[in-house]
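[1] sequence and predicted model, in that order:
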Amino acid sequence: MVNDKTKDIITCKLGKACVPSMVASGYAFMVLSLFPFYTLQTSGFIAAALFFILGLFFVFTTAEITLDIQNKKINHYFKYFGFIKINNWVDVSSYTLITVLKANKVYTTYSRTNRASSQERKTYEVYLMDNTKTKRQLTSIFLHANQAVTFAKEIAERLGIKYIVYYRESGWDT
């Protein structure tokens, strides 16, 4: 999570930017792009190239966050195709609190026969918040509460802000 060059820049990889079923569709598009050879026409090759590019987009687009401790700025961005990124730095000096919130995300996939299969994923998200607690900025996502709280306390100490327990469900070990 921490760069080797300097301890003042923290990069958190949030994972795939697309829904998991779209990532699977990306792999399917890439495989489908290999099958237009039966037509041997220009339109088949163009469609294959478009399917391949669309598949690459779904598979290799990731979401990341970079937190610059020294300059007190945060950058939430997507890496398109694995290497193209657009920077959007936000000043975090107005944020005076940091907390951990639990997020329950449910992904549902439907088949042709309209059968649904759901996948639930609990994550713990670390947020910077202002005094009114209405404006917040995501800094990282963890699978376990202990790791999220440890990270939040470390960032609070390094940024000189206050760590608060905004909401805690029973069962957290911290």
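    Yep, it's here. Numbering: from 1, shown residues only.

[2] residues touching Phe52, list them.
    Phe29, Met30, Ser33 (C-beta atoms under 8 Å, 6 or more residues apart in numbering). Where C-beta positions appear, they are placed from N, C-alpha and C, glycine not excepted.

[3] for it, phi and psi?
    Phe52 adopts backbone torsions of phi -70, psi -40, taken as degrees, to the nearest 10.

[4] and it, what's its pLDDT?
    Here, the pLDDT recorded for Phe52 equals 83.

[5] and if you look at Thr99?
    90.

[6] next one: Asp91
    Here, the pLDDT recorded for Asp91 equals 85.

[7] correct me, but it touches Lys72?
    Yes - under the contact definition of C-beta atoms under 8 Å, Asp91 touches Lys72, with a separation of 6.6 Å.

[8] those two: which is more packed in?
    Lys72 (16 against 10; other C-beta atoms under 10 Å).

[9] pairing partners for the strand or helix carrying Thr139, with directions?
    In this assignment (DSSP states H and E), Thr139 forms part of strand 136-142. Take DSSP bridges as the rule and strand 136-142 pairs in its sheet with strand 116-129 (antiparallel).

[10] now do the partner strand: distance to the chain's middle.
    When distances are taken as C-alpha atoms, centre = their mean, to the nearest Å, strand 116-129 is centred 11 Å away from the chain's centroid.

[11] and stretch 105-122, by the same measure?
    20 Å.

[12] can I get it as PDB, trimmed to CA atoms?
    Output of stretch 105-122 as PDB, limited to C-alpha atoms (Å, rounded to 0.1, in the frame of the first residue of the first chain):
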ATOM      1  CA  LYS A 105     -22.600  -4.600  -1.400                       C
ATOM      2  CA  VAL A 106     -24.900  -7.100  -3.100                       C
ATOM      3  CA  TYR A 107     -24.300  -8.100  -6.800                       C
ATOM      4  CA  THR A 108     -27.100  -9.900  -8.500                       C
ATOM      5  CA  THR A 109     -26.800 -11.600 -11.900                       C
ATOM      6  CA  TYR A 110     -29.800 -12.900 -13.800                       C
ATOM      7  CA  SER A 111     -29.700 -15.800 -16.300                       C
ATOM      8  CA  ARG A 112     -31.800 -16.100 -19.400                       C
ATOM      9  CA  THR A 113     -34.500 -18.000 -17.500                       C
ATOM     10  CA  ASN A 114     -34.600 -15.100 -15.100                       C
ATOM     11  CA  ARG A 115     -33.000 -16.900 -12.200                       C
ATOM     12  CA  ALA A 116     -31.100 -14.700  -9.900                       C
ATOM     13  CA  SER A 117     -27.900 -15.400  -8.200                       C
ATOM     14  CA  SER A 118     -26.600 -12.900  -5.600                       C
ATOM     15  CA  GLN A 119     -23.300 -12.400  -4.100                       C
ATOM     16  CA  GLU A 120     -22.900 -10.300  -0.900                       C
ATOM     17  CA  ARG A 121     -19.700  -8.600   0.100                       C
ATOM     18  CA  LYS A 122     -19.000  -6.800   3.300                       C
END
